[in-house]
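> I would like the atomic coordinates for the input below:
(chains A, B and C)
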Amino acid sequence: MSFIVDYYNYWIVVFLMMAGFYIVISANNLVKKVVGLNIFQTSVFIMYISIGKVSGGSAPILADGITSYSNPLPHVLILTAIVVGVATTAVGLALIVRIKRAYGTVEENEFKDKDALI
Amino acid sequence: MAELIDLVLLGMLAITALRIIFLKDLFAVVMLFGIYSFLSALIFVNLDAVDVAFTEAAVGAGIATVLMLGTLALTGRKEKANSHTALLPLLVVIVTGAALIYGTLDMPPFGDPENPANQHVAPRYIEESPQEVGLPNMVTSVLASYRAFDTLGETAVVFAAAIGVLSLLGLPKQSQATIESGLKSHLVLRVVAKLIIPLILVFALYVQFHGDYGPGGGFQAGVIAAAAIILYALVFGLPLATQVIQPKLLKILASMGVLIYAATGVAGLFFGGNFLDYNVLASDPVAGQHIGIIVIEFGIGVTVFAAILSIFYGFASQAERANIQ
Amino acid sequence: MILETLSTILLISGAFFSLTGAIGLFKFPDFFTRVHAASVTDSIATILIISGLILRTDFDLVAIKLLFILVFLLLTSPTASHALAKSARHGGLLTLAEIRDTQNKDNG
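Numbering: from 1, shown residues only, chains lettered A, B, ... in the order given. The predicted structure follows:
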């Protein structure tokens, strides 16, 4: 049982990462690909935060009577990564909007066919 | 108990991800992605990362969902049936996944205080930062003081992303005519939105300036303030919103924030310290740290607010144009 | 002691209403009844759970913060349910009774 609890977080992280990866390589629709990328990204966030967790620790905000805190460093890295992540997602979505205007479709195989005609 | 909650929440996260793979209705996919973000925010709370959870709930579930819905409005909500076989991707994913699972067995066990990641610089941050920086919230200390150079880079990336979106989509033109668009028939929504929006803005200010003592800071505050204006734009229409917060102003604000941040670093140089060294900003090092952190958090807040809002304006102006045609 | 018992009762009944809301969301036949079930979770369950939590604080700043959260939720979640139902109505969705009526008219 303790074996499962010790590694459960990492296994779920791997599962989510592979789910995101699968969506990115198999989906045809670009919006869905972006959702897949975001799932992949969130799995990395969960991995970092899991590594920083200390059993019996508490949130890294100084308080009376608490001696054990979780590691604040992964929190800092991931906090900024989330905001940067949404900003880059927005750039990706903006590109999709422009692709839609240029090709009239956001399905990968359809605009590849149109590219082949040129 | 915390482990049990962790197990259940992570299981729900996995189920949500599985559902997203097989759904063809992109509208439902985006909604499920919102749920996915909220679930991961809950997991972050459970893993003691309150600042991160706050950011994920505001950014991942709030802003990302709005942007994706904006894109769907322009590209259509149905995914077309996939013609090529999914066998090869499945194989690749299973092989990679198996390799990674094998790799996790070498990881230190979950929650182990002896974990190498918790041994390197973290004990110093936890033990010294309350004296060195004088803030109860260690995440803010590390974010704004120890790793301030890193955060400057992140702020610049957000700024650059906003420029990227604007060069792709463009900002809406500021209209002089007061056309009331938006949700005209939703009277209740309009009244409640008018009640709530000032409160959201006050809350954003609270998060901005209370981030030294509790969860919060410039990133979260900027996003929350932007969410208030986005709510205004959704309920009362884009033309009215562009009169309240003008696109021209956003361009100035976005660059102002990064400038404030970098200027604080340069000020440190002029006072005889290093770049982004706040100790020299006042006669007392801890007071100097305090001034430096408040100023740069303000810079971050301004940039994130302006960047997120101008990104939203970019998408909304495209949607508006598509409606007219 | 009395406060603790009272708060436990409030928390458990809050959890009960959340559960019924979730069951209703799955079991009810059409959109409007489902919105109704979901809004039960939004309103009564949150009131019960947050007041239960307030009774467990020392009635300090935390209690006031919880009170603020309660006021916000009471403002926003019924509005969200209302907007959802109204948009569905606006989009032309009919209730089960109305669908039955139109079918009867077609038959009769």
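> the biggest helix by length in chain B vs chain A: in contact?
Secondary structure assigned by DSSP state H gives helix B:285-324 as the longest helix of chain B. Yes: using Cβ under 8 Å from any Cβ of the partner chain, we find that helix B:285-324 touches chain A at B:304, B:307-308, B:311, B:314-315, B:318. Quick note: C-beta positions are derived from backbone N, CA and C, even for glycine.
> could you give me the buried positions within that helix?
Neighbour-count burial for helix B:285-324 flags B:285, B:288-290, B:292-318 (criterion: 16 or more other Cβ atoms under 10 Å in any protein chain shown).
> centre of the chain versus it, how much separation?
Averaging C-alpha positions (Cα atoms, centre = their mean, to the nearest Å) puts helix B:285-324 10 Å from its chain's average.
> quick one: B:L32 and B:V139, what's the gap?
Look at B:L32 and B:V139: by Cβ to Cβ, to the nearest Å, they are 29 Å apart.
> typed the wrong thing, it's B:L234
31 Å.
> do the same with B:F22
Separation of B:F22 from B:V139 (Cβ to Cβ) stands at 37 Å.
> and the two? which has more neighbours close in?
Using other Cβ atoms under 10 Å in any protein chain shown, the more surrounded residue of B:F22 and B:V139 is B:V139, with 27 against 7.
> just the C-alpha atoms of the strand or helix carrying the more buried one, please, in CSV.
Per DSSP states H and E: B:V139 is located in helix B:138-141. What follows is helix B:138-141, C-alpha atoms only, in CSV (Å, rounded to 0.1, in the frame of the first residue of the first chain):
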residue,chain,number,x,y,z
MET,B,138,8.2,32.5,1.5
VAL,B,139,6.9,32.1,-2.1
THR,B,140,6.7,35.9,-2.5
SER,B,141,10.2,36.2,-1.0
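> ok, and what's touching that helix?
A:60-62, A:69, A:72, A:75-76, A:79, B:51, B:125-126, B:129-130, B:132-133, B:135, B:211-212, B:215, B:217, B:293, B:297 (Cβ atoms under 8 Å, 6 or more residues apart in numbering or on different chains).
> quick check on those: which are buried?
Buried subset of the contacts of helix B:138-141 (neighbour count, 16+ other Cβ under 10 Å): A:60-61, A:69, A:72, A:75-76, A:79, B:51, B:125-126, B:129, B:132-133, B:135, B:211-212, B:215, B:217, B:293, B:297.
> SS state for A:S55?
Recorded secondary structure, A:S55: coil (DSSP: H, G, I helix; E, B strand; the rest coil).
> for it, which residues are in contact?
Going by Cβ under 8 Å, 6+ apart, A:S55 touches B:111-113.
> give me every residue in chain B lying close to chain C.
B:183, B:185-186, B:188-189, B:192, B:195-196, B:199.
> with pLDDT and neighbour count as extra columns, can I get those in JSON lines?
As requested, the residues of chain B next to chain C are exported to JSON lines (pLDDT from 0 to 100; neighbours: other Cβ atoms under 10 Å in any protein chain shown):
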{"residue": "B:L183", "pLDDT": "71", "neighbour count": "17"}
{"residue": "B:S185", "pLDDT": "76", "neighbour count": "9"}
{"residue": "B:H186", "pLDDT": "81", "neighbour count": "18"}
{"residue": "B:V188", "pLDDT": "87", "neighbour count": "12"}
{"residue": "B:L189", "pLDDT": "88", "neighbour count": "20"}
{"residue": "B:V192", "pLDDT": "90", "neighbour count": "19"}
{"residue": "B:L195", "pLDDT": "90", "neighbour count": "12"}
{"residue": "B:I196", "pLDDT": "92", "neighbour count": "19"}
{"residue": "B:L199", "pLDDT": "92", "neighbour count": "14"}
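> for the residue in chain A that chain C sits nearest to, what are phi and psi?
Closest residue of chain A to chain C, Cβ to the nearest Cβ: A:A63 (12.7 Å). The phi/psi pair for A:A63 (degrees, to the nearest 10) reads phi -150, psi 160.
> show me where chain C has its helices.
Counting by DSSP H, the helices of chain C are C:2-27, C:31-40, C:46-55, C:61-90, C:96-107.
> could I get the contacting residues of B:T75?
Contacts of B:T75 (Cβ under 8 Å, 6+ apart): A:30-31, A:96-97, A:100, A:106.
> reformat the contacts of A:S55 as JSON lines; add pLDDT and distance to chain A.
Below are the contacts of A:S55 laid out as JSON lines (pLDDT from 0 to 100; distance: Cβ to the nearest Cβ, whole Å):
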{"residue": "B:G111", "pLDDT": "81", "distance to chain A": "3"}
{"residue": "B:D112", "pLDDT": "81", "distance to chain A": "7"}
{"residue": "B:P113", "pLDDT": "81", "distance to chain A": "5"}
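> tell me which of these is nearest to B:A225?
B:G111 (35.8 Å; Cβ to Cβ).
> once you drop chain neighbours, what's closest to C:F17?
C:A45 (4.0 Å; Cβ to Cβ, 6 or more residues apart in numbering or on different chains).
> oh, I was asking about A:N9
Nearest non-adjacent residue to A:N9, counting by Cβ to Cβ, 6+ apart: A:S50, 4.2 Å away.
> what residue is smack in the middle of chain C?
In chain C, the centroid-proximal residue (Cα atoms, centre = their mean) is C:V40; its distance is 2.2 Å.
> which residue ranges make up the domains of chain B?
Here the domain parsing of chain B from automatic domain parsing is B:1-120, B:138-325.
> for A:A87, find the nearest of those.
Of all the domains of chain B, domain B:138-325 sits nearest to A:A87, with 3.5 Å by Cβ to Cβ.
> surely A:T88 meets B:A161?
Yes: with contacts counted by Cβ atoms under 8 Å, A:T88 reaches B:A161, the gap being 5.7 Å.
> neighbour count winner among those two?
Comparing A:T88 with B:A161 by neighbour count (other Cβ under 10 Å), the higher total belongs to B:A161, at 24 against 18.
> give me the angle between the host helix or strand of the more buried one and helix B:285-324.
Secondary structure from DSSP H and E places B:A161 in helix B:148-169. If you take axes from the mean of the first three to the mean of the last three Cα atoms, to 10 degrees, helix B:148-169 sits at 10 degrees to helix B:285-324.
> ok, back up a step: from the buried ones among the contacts of helix B:138-141, which land in helices?
Cross-referencing the buried ones among the contacts of helix B:138-141 against helices under DSSP H gives A:72, A:75-76, A:79, B:51, B:125-126, B:129, B:132, B:293, B:297.
> Serialize the residues you listed to a markdown table and add fields for distance to A:I23.
What follows is those, written out as a markdown table (distance: Cβ to Cβ, whole Å):
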| residue | distance to A:I23 |
| --- | --- |
| A:P72 | 32 |
| A:H75 | 27 |
| A:V76 | 29 |
| A:L79 | 25 |
| B:D51 | 29 |
| B:Y125 | 36 |
| B:I126 | 38 |
| B:S129 | 40 |
| B:E132 | 44 |
| B:I293 | 40 |
| B:E297 | 36 |
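> for these, give me CSV that also has distance to B:V244 and pLDDT.
Shown next, in CSV, are those (distance: Cβ to Cβ, whole Å; pLDDT from 0 to 100):
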residue, distance to B:V244, pLDDT
A:P72, 37, 90
A:H75, 34, 91
A:V76, 34, 91
A:L79, 29, 90
B:D51, 30, 91
B:Y125, 41, 86
B:I126, 43, 86
B:S129, 40, 84
B:E132, 42, 84
B:I293, 30, 90
B:E297, 24, 92
